[in-house]
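>>> Here is a sequence together with a model predicted from it:
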Amino acid sequence: MTDLRIIYMGTPEFAVPSLQKLVENGFNVVAVITAPDKPKGRGQKLATSPVKDYAVSQNIPVLQPTNLKSPEFIEELRSYKANLQIVVAFRMLPEVVWDMPEIGTFNLHASLLPQYRGAAPINWAIINGEKETGVTTFFLKHEIDTGNIIFQEKEPIEEDDNVGDLYKRLMAKGANLVLKTVKAIQQGDYPQLPQDESGEIKHAPKIFKETCEIDWKKSSEEVYNFIRGLSPYPAAWTTINGVQFKIYDTEKLDFAVAGENPGDYSTDNKTYLHIQTGGKALAIKELQMQGKKRMKIEDFLRGNSL
C-alpha cells in the first residue's frame, strides 16, 4: 500500500466535491493549487475560488500562482514532496508541473474520452444530441486529454436535461470516480489503458458568445439540443425585432408556424411564443430580454408585447 501525499489542483464549484471526498476519506492532501483571487461585482472586491474556500475551511495550505512556470512556484511545489497530483477543472499545466510527482498527475474529465476532448465537454455532448456521456480519470501527458485512461463511468443524458442538470450529476459522479481512482492507486493496482482513437472523435472546443447564436435554419431537434446544451450558462441567444434575447428553455411542437421562414414567430402576446426552425416550430418557455431578468414566457408577455 502506497503512502500518498496528494496535491490537488482545481478552481470552480465542479472541483469541490472531489476534494471533499478525499478529505472526508482521510487522504493526505498536503496542498491545494487554485486560481488567484479575482475582483468581482460592482465593488470589485476580491473573490476567492470555491476550491480555495473549502481548502481554507479544512486548514489545507493554498497556493495561487499567476505563473505556473515561475521558479518560485516550482520550488514551493517541490517542497511539499507530493507523489500524486490530481487535476479537476484547472488550467493547462506545463510539463515541469505534471511530470513532477513519482506516480504522476491524473485528471478528471467530464466525458467518455477520447470523445469530447477540450474545454466544454458537457455542453457539446448535449448540443450534439448524445444519449450518454460520463466521466473519465486519466494520466496527463503532452497532448491535451490524450493520456492513458484509469477509470470511466457512464451517465445517461435525458431528453430534457440541460447543461446545469447534467453538470450537477457529473460533478457528483466525478467525485466518486476520483475517490475510486485514488484508492486503486494507493493499492498499487490500477489500469492504464491507451485511448482508442480508431473511430470518429468529436471535440468540445471552448464556447464563445458568437458560438451561442441560434441558427433557426437548423431542424427543431438541433435547435432544441443547442438551447439546452447552453442553458443556463452561457445561454443561447437570438435577436427578435432588433432586441437580443437569451433563450433558456423550449418545447418541441409538432407543427410549423403557418408558412413562415426560419426565425419567424407567432404569439398571442399573452401565453405563447412560437419560433419557426428549419423543420417544425419550438415553443419558447423561458427567456431573458437584454437588460432584464430571466422570465417564464407568460410573465414576460404580461408586461411586454412582441
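Thanks, I have the structure now.

>>> only C-alpha atoms for contact and neighbour calcs from this point on.
OK.

>>> Which secondary structure state does the nearest residue to residue 45 once chain neighbours are set aside sit in?
Sequence neighbours aside, residue 39 is the residue nearest to residue 45 in space, at 5.1 Å (criterion: Cα to Cα, 6 or more residues apart in numbering). Under the three-state scheme (DSSP: H, G, I helix; E, B strand; the rest coil), residue 39 adopts strand.

>>> list the contacts for residue 252?
Neighbouring residues of residue 252 by Cα atoms under 8 Å, 6 or more residues apart in numbering: 220-221, 224, 280-283.

>>> what's the helix with the most length in the chain in contact with?
The helix that spans the most residues within the chain, counting by DSSP state H, is helix 163-187. Helix 163-187 is contacted by residues 1-4, 14-15, 17-19, 21-22, 108, 110, 122-123, 126, 134-137, 150-153, 155, 157, 190, 228-233 when judged by Cα under 8 Å, 6+ apart.

>>> same thing with stretch 117-134?
With Cα under 8 Å, 6+ apart as the criterion, stretch 117-134 contacts 110-112, 116, 144-146, 152-159, 162-163, 166-167, 170, 202-207, 222, 225-230.

>>> if we go to 6 Å?
111-112, 145, 153-157, 163, 203-206, 225-226, 229 (Cα atoms under 6 Å, 6 or more residues apart in numbering).

>>> next one: stretch 262-281
Contact with stretch 262-281 is made by 216-220, 253, 255-257, 282-284, 298, 301, 305, as judged by Cα under 6 Å, 6+ apart.

>>> Highest neighbour count among those residues?
Within the contacts of stretch 262-281, neighbour counts (other Cα atoms under 10 Å) peak at residue 282, which reaches 26 neighbours.

>>> Among the contacts of residue 252, which lie within strands?
Judged by DSSP state E, the contacts of residue 252 include 281-283 as members of strands.

>>> Just the C-alpha atoms of the one helix or strand residue 86 maps to, please, in CSV.
Take DSSP states H and E as the rule and residue 86 turns out to sit in strand 84-88. Only the C-alpha atoms of strand 84-88 are listed here, as CSV (Å, rounded to 0.1, in the frame of the first residue of the first chain):
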residue,chain,number,x,y,z
LEU,A,84,0.5,12.2,-6.7
GLN,A,85,-1.2,15.3,-8.2
ILE,A,86,-4.9,15.4,-9.1
VAL,A,87,-6.4,18.0,-11.5
VAL,A,88,-10.1,18.8,-11.7
